[in-house]
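>>> show me the folded form of this:
(3 chains)
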Amino acid sequence: MRSTLFEAPGPRARRRHVWYTVLVAAVTGGALCWALLRFKDAGQFDARMWEAFEYRGVQLRILTGMVDTVKAFVLAVVLSLLLGFLFAAGRLSTHGLLRRPAGALVEFFRAVPVIITVFALYATDLLRTAVTAAAGFLRENLGSPGEWAATNFASPTLWALVVGISLYNGAAQAEILRAGVGAVPKGQFEAGYALGMRKTQVMTAVVMPQAVRTMLPSIISQMVVTLKDTSLGFFIMYEELLYAGKLLAQNTATPHGYPYLPVLCVVGSLYIITCLLLSWAARRLTALEWRGLDGRGLPRVSSKMPMGSR
Amino acid sequence: MRPRFRRLSSLVLLSSLVLGGCVLSGCGREGSVPGSVGALTAATPGLEYPVRKGAHAIGSKGYSRALTRDTITIGVKSDHPFMGFEDPVTGQRSGFDVEIAKMIAAYLGYGPDAIEWKTVAPQVREISISKGDVDLFVGAYTINDERKKQVSFAGPYYLGGQDLLVDKGNRSIRGPRDLRGKKVCTVTGSTPFQRISRPEFGTTVVSHDSYAHCVQDLVMNVVDAVTADDTILKGYAAQNQGRLRVLGRPFSAEPYGVGLARRDAVLRDAVNDALEHHVRNGNWLRAYRATLGRSGAPAPAPSPVRRY
Amino acid sequence: MEVLTDNAGLFWRGFVGTVQLMCLSTLLAFALGMLLVSFRISPVPLCRGLGATVVTVLCNTPLTVLFFGVTLGLPMLGLTGAGYFTLAVLVMGGYASAFVCEALRSGVNTVETGQAEAARSLGMSTAQTAALIVFPQAGRAAVPPLGNAVITLVKNSALAGGFSVYELFSTEKTLVERGYAVAVVFLWVAAAYVVLIAVISAGFRLLERRLAVPR
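Numbers count the residues shown, from 1 in each chain, chains lettered A, B, ... in the order given. A predicted model of the protein is given here:
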């Protein structure tokens, strides 16, 4: 392996590396064994601690938790991308009247912790009134699909979570898009203008498609953050995966203890796997060739971007 | 679509099919986890309260808006065994608070099917009540003046107080004065935490984020006692089936009330009537025996409601 | 304004809590982050793999889940002594260490291989190359991403408020519970964060400019 810091190791270095390997393996292996033994002493590996997962009710609970997490995630992704485009359009506007407030909003929501926003939204009348009104409207005017939508989506906790997450992630997506627009070569704008397009046309038809393409990996990395943020719903009693997990761990306690490790393993790995799938998609997209676009001889923009910073 | 993506998507589809199919076809076991609170409560027949016909349809002047719907939403806790508890496996709610809530609902004309339960977190109790997320809140909710500025209280329906939970065989601890030099566990930042931390008791206070955690420590003899409101302790004593004992000498007064929207005097009176009614006909005591009473601790005298 | 003046004590307590959390966890995050990065860029394959695994797991776990894992798990391992503040610092420092590690690594990656090769050809040892040639340049390049990591850490510290540590989120909860107008409370708490983060990013920008080398 070629690296900045070291060259291919020689015989002495290789021997040293063997010692390092043994040492590190011993320390980490020892720590791991110690932890596992302590958990075993606490009864966490007893069969009865894991039996809970055999029950239909528990499986359903985890599945419902997952569905609710995904529900919040999908709504938040859609809303945050919408907000992202809006904010980015505002920030890139030539009118100071639009640009400055958009800039201030983006900077504000990027600075405020998501949980602060989510909790404030949860506690306001405004959102509740809006959600109740929307539910009433759906029920009255759309018949049974409206009824379905109202029962499944008209919860103030859901929307407090979704809107709160989307405000932050929308601001973050806006910054990503802006960076993407910045990375599009100037010639592209000029070519658009030379063809007689107006700014909006240049933006929507020429620049944005390229910016989104370049930034797709970063956009998806930000979606990983969005997914992780849905676990904040737990604080406002939105019954997502983490909430289900905590209830399971706490409330299936028997006189022998409570299934802390089993639930942590299941819930934690569900989160990690979902996030990894998204990250993996981001990496694949980085490597993906864009068929049909290359053929037209568009300049290939470097699509290497650092992964999301959270 | 590229082959790689096709492979991935088929993998995801397959695994979700297996998972979903497993759940839907019911390859899982039914019922609650043996030994858990859910299984303990499911084993005994539930109490039933006769529903007053048409009670909430009275169209009298100033009638409570909360009672115009076909269902009533009641806020409860979900994590206190035998007090306000939800079995995550079956979704069944149980406990003394839940029984009290059912009694009130029955008196107001709502059968068990017409109750919508909602778990309310401690931080959002006042908000949930005042914004109408819940019509009533029954969840070990101490009546005090600070809270009265935002919500109204019916009741009290139970006179609780801070108490101690110890090992069944422990005879050396008879009250908070005997805790000098001993280890006591409670929940961080709670009122019991502040009270037991006072220097006059001279104890070492260990604090966790949940009482379940403290009880675990007590069972494993890491601490000598757990302190909290007696209702919480009785619940855990009942859960541990005779291994633990509540002293039964509260050293504070925590009158539990039913929280409801401020200035809804009609609803408050109706709930007070309901409580009086069910204390008189013995349902209150029956409910206590079926829930907290399993700890072996005798019932405190039911308190007269305070109408204000 | 009354909300702020009437409850100056609570706001101050929350603000101090957030700042304390921030300082201590940042220190921990930097210490752990350096350890992690030394694993990630080490020539020993096991160390590299270990570092990569830890970083991947940390980056793909929600902080809330980590909070639960640690606050419930450590006592089960027999480590019952730690208070909530200590646990929060451990969790946040550990979580942020992954991002600090990635920031440092991206810094190392910006240093051209030729630099180290030149150093080695001058007869410098690996340690000398690292300490005198690579790290000074890498550190400079890592300043902006490190600033981002610290800012993210400050924002994440709000979660500690949900786990019995008193900081600005706790202030928000307390005041909303006491019946103050939500929007006003939110704006004041948010303003505190905006100020805090403006100060931090200004500090990092200054550092970046100080360290910049005109090319």
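
>>> mind showing which ranges of the chain have poor pLDDT?
The chain I'm using is chain A. Low-confidence segments of chain A, defined by pLDDT under 70: A:1-4, A:255, A:287-310.

>>> that answer is for a different chain, and I need it for chain B
By pLDDT under 70, the low-scoring segments of chain B are B:1-27, B:54-66, B:189, B:209.

>>> in it, which residue sits closest to chain C?
B:Thr188 (4.1 Å; Cβ to the nearest Cβ). Every residue, glycine included, has its C-beta placed from N, CA and C.

>>> what number of residues lie near that residue?
17 (other Cβ atoms under 10 Å in any protein chain shown).

>>> cool, and the one 10 residues further on?
Counted by other Cβ under 10 Å, the residues lying close to B:Arg198 total 11.

>>> try A:Gly164
Considering only other Cβ under 10 Å, A:Gly164 is surrounded by 28 other residues.

>>> ok, for it, nearest residue in space, not its chain neighbours?
Spatially, and ignoring its direct neighbours in sequence, A:Gly164 is nearest to A:Val118 (3.3 Å; Cβ to Cβ, 6 or more residues apart in numbering or on different chains).

>>> which other helices and strands does the helix or strand harbouring the one you found contact?
In this assignment (DSSP states H and E), A:Val118 forms part of helix A:114-123. Helix A:114-123 sits against helix A:156-183, helix C:168-177, helix C:182-211, with contacts defined as 3 or more Cβ pairs under 8 Å, 6 or more residues apart in numbering or on different chains; DSSP states H and E.

>>> and the following helix or strand past it, what does it pack onto?
With elements assigned by DSSP H and E, the helix or strand that comes after helix A:114-123 is helix A:125-141. Other elements packing on helix A:125-141 under the criterion 3+ Cβ pairs under 8 Å, 6+ apart are helix A:143-153, helix A:156-183.

>>> now the very next helix or strand once past the last one: buried residues?
Following helix A:156-183 in sequence order, the next helix or strand is helix A:186-194 (DSSP H and E). The neighbour-count check on helix A:186-194 (16 or more other Cβ atoms under 10 Å in any protein chain shown) flags A:188-189, A:192 as buried.

>>> that older thread, of all the helices and strands packed on helix A:125-141, which lies closest to B:Leu275?
Closest approach to B:Leu275 among those is made by helix A:156-183 (29.7 Å; Cβ to Cβ).

>>> quick check: buried residues in that closest one?
Buried residues in helix A:156-183 (16+ other Cβ under 10 Å): A:156-178, A:180-181.

>>> so what does it touch, helix or strand wise?
helix A:56-92, helix A:96-111, helix A:114-123, helix A:125-141, helix A:208-229.

>>> hey, C-alpha coordinates of the strand or helix carrying B:Thr227 in CSV?
B:Thr227 is part of strand B:225-229 when elements are defined by DSSP H and E. Extracted C-alpha coordinates of strand B:225-229, given in CSV (Å, rounded to 0.1, in the frame of the first residue of the first chain):
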residue,chain,number,x,y,z
ALA,B,225,-32.7,1.0,49.2
VAL,B,226,-34.6,2.8,46.4
THR,B,227,-36.6,5.9,47.2
ALA,B,228,-39.5,7.3,45.2
ASP,B,229,-43.3,7.9,45.5
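
>>> how far out from the middle of the chain is it?
16 Å (Cα atoms, centre = their mean, to the nearest Å).

>>> show residues contacting it.
B:140, B:160-166, B:170, B:173, B:176, B:179, B:182-187, B:190, B:192, B:196, B:211, B:214-215, B:217-218, B:233, B:236, B:254 (Cβ atoms under 8 Å, 6 or more residues apart in numbering or on different chains).

>>> that older thread, deepest of the helices and strands packed on helix A:156-183, which one?
Each of the helices and strands packed on helix A:156-183 was assessed for mean neighbour count using mean count of other Cβ atoms under 10 Å in any protein chain shown. The highest is helix A:114-123, with a mean of 25.

>>> need the residues of the stretch 151-300 of chain A near chain B, please.
A:156, A:235-237, A:244, A:247-248, A:250-258, A:277, A:284, A:288 (Cβ under 8 Å from any Cβ of the partner chain).

>>> got a ChimeraX select line for the buried ones in those residues?
Buried residues among those (16+ other Cβ under 10 Å), as a ChimeraX selection:
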select /A:156,235,236,237,244,247,248,250,251,252,253,254,257,258,277,288
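
>>> narrow the residues of the stretch 151-300 of chain A next to chain B to those in helices?
Using DSSP state H, A:156, A:244, A:247-248, A:250-251, A:277, A:284 are the members of these that sit in helices.

>>> give me the number of residues near C:Leu87?
If we define neighbours as other Cβ under 10 Å, then C:Leu87 has 21 of them.

>>> which ones are touching it?
Contacts of C:Leu87 (Cβ under 8 Å, 6+ apart): C:70-71, C:74, C:163.

>>> in which helix or strand would I find it?
helix C:84-110.

>>> tell me the SS of B:Leu164?
strand (DSSP: H, G, I helix; E, B strand; the rest coil).

>>> and it, how far is that from A:Asp68?
In this view, B:Leu164 and A:Asp68 are 39 Å apart by Cβ to Cβ, to the nearest Å.

>>> now swap in B:Gln239 and tell me
Counting by Cβ to Cβ - B:Gln239 and A:Asp68 are separated by 28 Å.

>>> name the residue of chain C that lies nearest to chain B.
As assessed by Cβ to the nearest Cβ, chain B sits closest to C:Ser164 within chain C, at 4.1 Å.

>>> list the contacts of the residue lying closest to that residue once chain neighbours are set aside.
Excluding the flanking residues, the one nearest C:Ser164 by Cβ to Cβ, 6+ apart is B:Thr188, at 4.1 Å. When the contact criterion is Cβ under 8 Å, 6+ apart, the partners of B:Thr188 are B:207-209, C:84, C:164.
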